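[1] sequence and computational prediction follow.
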Amino acid sequence: MIAPHLPALIVVVPLVAGLVALFLGRGHLPWLLTLLVTWAVFALSATLLGRVLVAGAPPVEYAMGSWPAPWGIVYRVDAVNAFVLTIVSGIAAVCAVFARLSVAAEIPAERWRFFYSAWLLCLTGLLGITITGDAFNLYVLLEIASLSTYTLVALGVQKDRRALTAAFRYLILGTVGATFLLLGIGHLYMKTGTLNMVDLADRLAGLQSDRVVLTAFALIVTGLGLKVALFPLHMWLPNAYTYAPSVVTAFLAATATKVGAYMTFRFLFTVFGLRVTFDFLSADVFLIGFSCLAILVASVLAIRQNNIKRLLAYSSVAQIGYIMLGLGLHNHASVTGAVVHVFNHAVMKGGLFLALGAVVYRLGGATIGELRGLGRRMPLTAAAIVVGGMGLVGVPATAGFISKWYLVAGCLHGDAWPLAVVILVGSILALLYVWRVVEALYFAVPENPSLPVREAPLALLVPTWVLIGASLYFGLHATFTVATAKAAAVALGVGE
Amino acid sequence: MDDNVVIRTTARVLMPFMMVFGLYVIFHGEGGPGGGFQGGVILASAFVLYTLVHGIQASTAIVPKRTTDVLAAAGVLLYAGVGVWCLVRGGNFLDYYALMHAPHDPGAAQALGMTLVELGVGMTVAAVMITLFREFAES
């Protein structure tokens, strides 16, 4: 009886668990529930992905409350969102393993249940945004995800009080973004009288010169820009990532902006449609422009950071630039590259932030100074940081290479070789900021050599290396990820 | 304001009516204007009035922080629980028709589902409203 209800269960199970977690007392029970639920949801998402990827299979649809498509809320799963669902739930599952020790070290015991409750609600929101086929339902779930994210960031207050200002800033800018999105959806509803995405797409065809639709387009793209942290709307991201608890940073960096990228794909490619977005409105011009700025400026800013969490946060802004560049180019190779980069970057950045979480667990911080000479004292953690960093640069045999390969192919296919140069320059800049970390790890003397520092415990090392190992595995065997990304590109309307 | 007899008496007279009206709006939601959100706020406003008159200590003595926390979560759980119960009985999530086996009036199943769900919404909204008011009153 589970099979037909898979899409609903993926959202309902973490929602119910998130509320139950509040009643489980002050021990490790809320964590245990989180662990079980995230792995269960990962299994459900993977099953759903398997079902959607069968050649010629129609999208899986699920009518909430049995109200049929254009009237009721319908969950609609195709290759694109099944892939994103699997990424989000998979990262959440791996991070949940890491969470027990890391959270115990960074958050006081009486707040653990609130932490895991917010964590599960955030997961509910992210999965819901990804799975739903209803524009207003998407907004509601976006608010669930965002509000719990602000809480999660603010829970870093025990380690650093600046977490509060970071969370507040994120709250203001995130709410502005969500409001833009809501206004845009409202305009669409006013014009078409429907909220179902497929129905919206049908009714919007031919309305491209309508002012209400144009206003909606502008509002939605601005709101999404804030949510994905597309340069120059990224101002909330570096502080939020720096001061959030370590495991939250890993989870958010790997999933939240990826879900934002998914929403952008969904609205621009499915709801407004390729013809309106690119042929009529030429949205590619500013999307590509801002993406290039994101890649170059954020990478340069990353080089100057001394706090490694902050360095990687700026690197995330740059990586979002790559995804948006692939989106803006809107040809088969570039969209494949963008979708596969959603996966590859989630794995690499998740692994890197987990490795930093292990460093924070042992040393209490993650600045360049604290990383000095760590290569000899925490060899496995340091190696994880190096391998993840190589992925960010795009060294062959890492996952980052695969995405950049397809992105460059997309640039050349679109006769836009200067953009290929931007990607290469971005990789060189990435090499510079990764090298600063490697230099500190292996070629510098420890600041305080007498301080005893041991390798991180296995409970932290295993999840870190699962993600870092995945970034190597999918760099060498990219068949699955690339095939899925290609199916996703076709589902988005850009065939070969 | 604890010493002002007019205010104290007015509050005492008004409170039961506010609460009954709040519950009325919650349970009226499935057949007319109203519902959990509006009713929940009206219900909470009775406690806000009580807090304004008698102070925050007296208010937390009647409805402790723990109670509002539990109510807030339990309301959402009731909502989701109704949905899951529909699943268990063979319908889609939140398909209220699955709640009753062959009722004499098919609308009865919908009414039952909506009433339970609105009760959940009302509980959560009232609890969150009281919590918000207290957080601001304390700071």
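    Right, received. Where do you want to start?
[2] which helix is the longest one in chain B?
    In chain B, assigned by DSSP state H, the helix with the most residues is helix B:106-138.
[3] what about B:G81, neighbour count?
    Look at B:G81: counted by other C-beta atoms under 10 Å in any protein chain shown, it has 16 neighbours. Heads up, the C-betas are built off the backbone N, CA and C, glycines and all.
[4] and it, helix, strand or coil?
    helix (DSSP: H, G, I helix; E, B strand; the rest coil).
[5] again with the one 10 residues further on
    Applying three-state DSSP to B:G91 yields a three-state assignment of coil.
[6] now do the same contact list for the closest residue to it other than its chain neighbours.
    Among residues not flanking B:G91 along the chain, B:A98 sits closest, at 2.8 Å (C-beta to C-beta, 6 or more residues apart in numbering or on different chains). Going by C-beta atoms under 8 Å, 6 or more residues apart in numbering or on different chains, B:A98 touches B:C86, B:R89, B:G90, B:G91, B:N92, B:A109.
[7] how about JSON lines for those residues, with distance to A:A118, neighbour count and pLDDT added?
    As requested, the contacts of B:A98 are arranged in JSON lines below (distance: C-beta to C-beta, whole Å; neighbours: other C-beta atoms under 10 Å in any protein chain shown; pLDDT from 0 to 100):
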{"residue": "B:C86", "distance to A:A118": "27", "neighbour count": "23", "pLDDT": "90"}
{"residue": "B:R89", "distance to A:A118": "31", "neighbour count": "13", "pLDDT": "87"}
{"residue": "B:G90", "distance to A:A118": "33", "neighbour count": "9", "pLDDT": "84"}
{"residue": "B:G91", "distance to A:A118": "31", "neighbour count": "20", "pLDDT": "85"}
{"residue": "B:N92", "distance to A:A118": "28", "neighbour count": "20", "pLDDT": "87"}
{"residue": "B:A109", "distance to A:A118": "35", "neighbour count": "20", "pLDDT": "86"}
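[8] in the chain, where is pLDDT below threshold?
    This is for chain A. Applying pLDDT under 70 to chain A picks out residues A:1.
[9] could you do chain B instead?
    Applying pLDDT under 70 to chain B picks out residues B:1-2.
[10] how about the residues of it that lie near chain A?
    Where proximity means C-beta under 8 Å from any C-beta of the partner chain, the interface of chain B facing chain A comprises B:69-70, B:73, B:76-77, B:80-81, B:83-84, B:86-87, B:90-97.
[11] hmm, try it at 6 Å
    Proximity of chain B to chain A, by C-beta under 6 Å from any C-beta of the partner chain, involves residues B:A73, B:V76, B:L77, B:A80, B:L87, B:N92, B:F93, B:L94, B:D95.
[12] how far away from the center of its chain is the helix or strand where A:L44 lies?
    A:L44 is part of helix A:29-53, with elements assigned from DSSP states H and E. Computed by C-alpha atoms, centre = their mean, to the nearest Å, the chain-centroid distance of helix A:29-53 equals 17 Å.
[13] after the helix or strand B:P16 falls within, which helix or strand is next?
    Using DSSP H and E, B:P16 falls within helix B:5-28. The helix or strand immediately downstream of helix B:5-28 is helix B:36-54, counting by DSSP H and E.
[14] for the helix or strand that that next one is followed by, which residues meet the burial criterion?
    Downstream of helix B:36-54, the first helix or strand assigned by DSSP H and E is helix B:56-62. Using 16 or more other C-beta atoms under 10 Å in any protein chain shown as the test for burial, helix B:56-62 gives B:S59, B:T60.
[15] so which bits of the longest helix of chain B are buried?
    Under the neighbour-count criterion of 16+ other C-beta under 10 Å, helix B:106-138 has B:109-131, B:133-134 buried.
[16] can you give me the end-to-end span of stretch A:322-337?
    Length of stretch A:322-337, first residue to last, C-alpha to C-alpha, to the nearest Å: 9 Å.
[17] what sits up against that stretch?
    A:230, A:261, A:278, A:284, A:287-288, A:291, A:338, A:341, A:403, A:406-407, A:409-410, A:413-414, A:485-486, A:489, A:494, A:496 (C-beta atoms under 6 Å, 6 or more residues apart in numbering or on different chains).
[18] what of stretch A:274-292?
    Stretch A:274-292 is contacted by residues A:Q208, A:L230, A:F231, A:L268, A:G321, A:M324, A:L325, A:G328, A:H330, A:V422, A:G493 when judged by C-beta under 6 Å, 6+ apart.
[19] and the first one, what is it in contact with?
    The one in question is A:Q208. Contact analysis of A:Q208 by C-beta under 6 Å, 6+ apart lists A:V276, A:F280.
[20] which SS state does it fall under?
    When classified by three-state DSSP, A:Q208 comes out as coil.
[21] what about residue 52, neighbour count?
    Picking chain A for this. A:V52 has 23 nearby residues by other C-beta under 10 Å.
[22] not quite, go with chain B.
    Neighbour count of B:L52, defined by other C-beta under 10 Å: 15.
[23] any idea how far it lies from B:L14?
    Going from B:L52 to B:L14 by C-beta to C-beta, to the nearest Å gives 12 Å.
[24] swap in B:V117?
    Distance from B:V117 to B:L14, by C-beta to C-beta: 29 Å.
[25] again with A:V248
    A:V248 is 45 Å from B:L14, by C-beta to C-beta.
[26] tell me which of those two has more neighbours.
    When neighbours are counted by other C-beta under 10 Å, A:V248 and B:L14 differ, and A:V248 comes out ahead with 32 against 14.
[27] residue 35: what's it in contact with?
    Defaulting to chain A. The neighbours of A:L35, taking C-beta under 6 Å, 6+ apart as the test, are A:A96.
[28] wait, chain B
    B:G29, B:E118.
[29] for it, give its distance to chain A.
    As judged by C-beta to the nearest C-beta, to the nearest Å, B:G35 and chain A stand 16 Å apart.
[30] for that residue, grab phi and psi.
    With angles defined as degrees, to the nearest 10, B:G35 sits at phi 140, psi -180.
[31] that older thread, which one among the contacts of B:A98 gets closest to A:R372?
    When the contacts of B:A98 are ranked by distance to A:R372 (C-beta to C-beta), B:N92 comes first, at 57.8 Å.
[32] for chain B, what's the nearest residue on the stretch 351-496 of chain A?
    A:A491 (24.0 Å; C-beta to the nearest C-beta).
[33] can you give me the neighbour number for that residue?
    Counted with other C-beta under 10 Å, A:A491 comes out at 21.
[34] I'd assumed A:A82 was in contact with it.
    No. Between A:A491 and A:A82 there is no contact under C-beta atoms under 6 Å: 9.3 Å.
[35] which neighbours do the two share?
    In contact with both A:A491 and A:A82: no residue, using C-beta under 6 Å, 6+ apart.
[36] and A:F231, helix, strand or coil?
    With three-state DSSP as the basis, A:F231 sits in coil.
[37] that one: what's it in contact with?
    A:F231 sits next to A:F290, A:L293, A:A294 when contact means C-beta under 6 Å, 6+ apart.
[38] quick one: the helices in the stretch 151-300 of chain A?
    Ranges of helices in the stretch 151-300 of chain A, per DSSP state H, counting those that start in this stretch, are A:162-192, A:197-204, A:211-228, A:237-243, A:246-265, A:273-274, A:283-303.
[39] now do the fifth one against helix A:162-192, angle only.
    Using axes from the mean of the first three to the mean of the last three C-alpha atoms, to 10 degrees, the direction of helix A:246-265 lies 20 degrees away from that of helix A:162-192.
[40] chain B contacts on chain A?
    Counting by C-beta under 6 Å from any C-beta, chain A sits next to chain B at A:H5, A:A8, A:L15, A:V16, A:L19, A:L22, A:M64, A:G65, A:S66.
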